[in-house]
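Student: structure of the sequence below:
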Amino acid sequence: MTRPTVLVGLDDSAAARAALAWAARYCRRTVSALRAVNVLQFDLLVVGTQEHVGLRRAVLGSVSHYCLHARCPVVAVPR
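Tutor: The predicted model follows:
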């Protein structure tokens, strides 16, 4: 059985360091794996997208739709 994984995005901010510290404490308590990724100024963001409509979209939300507000070019690739 694989352990759950917690992913933390890091930049050079104090908030990111606080998030990493919180995630590390959480992972120790829950025996989860911790993955930290360094986040830099993106040149291009590519995300996958699925077609959700109606109630399903309201409940699940849309990561690709949210990412359209990024400060870099975004490509949403359909399934």
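Student: the host helix or strand of residue 17: what's the following helix or strand?
Tutor: Using DSSP states H and E, residue 17 falls within helix 14-30. Downstream of helix 14-30, the first helix or strand assigned by DSSP H and E is strand 33-38.
Student: tell me the angle of that next one relative to helix 14-30?
Tutor: Interaxial angle, strand 33-38 versus helix 14-30 (axes from the mean of the first three to the mean of the last three Cα atoms, to 10 degrees): 170 degrees.
Student: strand 33-38: partners in the sheet, and parallel or antiparallel?
Tutor: Strand 33-38 pairs in its sheet with strand 5-10 (parallel), by DSSP bridges.
Student: average pLDDT for the partner strand?
Tutor: Mean pLDDT, strand 5-10: 90.
Student: before we move on, the earlier item: who's in contact with the helix holding residue 17?
Tutor: Outside helix 14-30, the residues within contact range by Cβ atoms under 8 Å, 6 or more residues apart in numbering are 4, 6, 8, 9, 10, 32, 33, 34, 36, 39. To be clear about C-beta, it is placed using only N, CA and C from the backbone, and glycine gets the same treatment.
Student: ok now that helix, how far from the chain's centre?
Tutor: Here the centre of helix 14-30 is set off from its chain's centre by 15 Å, with Cα atoms, centre = their mean, to the nearest Å.
Student: just use 283 as the starting number from now, easier for me
Tutor: All right, first residue 283 from here; so that's helix 296-312.
Student: average pLDDT across it?
Tutor: Averaging pLDDT along helix 296-312 gives 93.
Student: which positions within that helix qualify as buried?
Tutor: For helix 296-312, the neighbour count (16 or more other Cβ atoms under 10 Å) marks 298, 305, 309 as buried.
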